[in-house]
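# The sequence isn't on hand, but the structure is:
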Ligand SMILES: O=C(CO)COP(=O)(O)O
């Protein structure tokens, strides 16, 4: 088994205004809308993005400014994963549906893996999202620990 890991940690400073991704599978979209209605004022103070259909509903129904990426089954999860790998995302709120297999399940798994890898806070349901948004850290700068990509590359360079 290859269990190579980044040998060191690095840090990244999250600004007081967070970049928050919002995603919900179809079976969880009404729950996300209900949750986002409760947190509308807080959310509007941050930079929001989301997968296509979710973002469209948040904008249309709640008037939130949300950057809409591709719809999930067409690559939206991968785009959000890329934001994580580029260190351009601070929080992930992803109401994934535990009852419905998705055609793009590998993309969903990949996104959740990158969030775990890069130490991005994730909420997968309304209660965890309540805890995340009510944290005093939401509106403060925060030093996040993450893998040191330079040290990883260095450790893998042939001698
Ligand atoms: O499928 C999704 C996430 O895996 C969500 O995509 P939509 O917001 O486009 O429905």
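Perfect, thanks for sending it. These numbers come from a predicted model, not from an experiment.
# three-state assignment of residue 119?
Three-state assignment for residue 119 (DSSP: H, G, I helix; E, B strand; the rest coil): coil.
# Quick check: pLDDT value at it.
Listed pLDDT for residue 119 reads 98.
# Contacts only, for residue 66.
Residue 66 is in contact with 22, 48, 49, 50, 55, 58, 59, counting by CB atoms under 8 Å, 6 or more residues apart in numbering. The way it works is simple: take the backbone N, C-alpha and C, and place the C-beta from them, glycine included.
# List the beta-bridge partners for it.
Listed beta-bridge partners, residue 66: residue 48 (assigned using DSSP bridges).
# residues making contact with the helix or strand bottoming out on mean pLDDT in the chain?
In the chain, no helix or strand scores lower on mean pLDDT, DSSP states H and E than helix 149-156, which sits at a mean of 92. By CB under 8 Å, 6+ apart, the surrounding residues in contact with helix 149-156 are 4, 6, 7, 8, 10.
# Can you pull the phi/psi pair for the residue lying closest to the second one once chain neighbours are set aside?
Computed as CB to CB, 6 or more residues apart in numbering, the closest residue to residue 6 that is not its neighbour in sequence is residue 147, at 3.6 Å. Main-chain dihedrals, residue 147, degrees, to the nearest 10: phi -60, psi 140.
# Tell me, how many residues neighbour residue 147?
16 (other CB atoms under 10 Å).
# From residue 63, how far off is the closest residue to the ligand within the chain?
As assessed by CB to the nearest ligand atom, the ligand sits closest to residue 72 within the chain, at 2.1 Å. According to CB to CB, to the nearest Å, residue 72 and residue 63 sit 23 Å apart.
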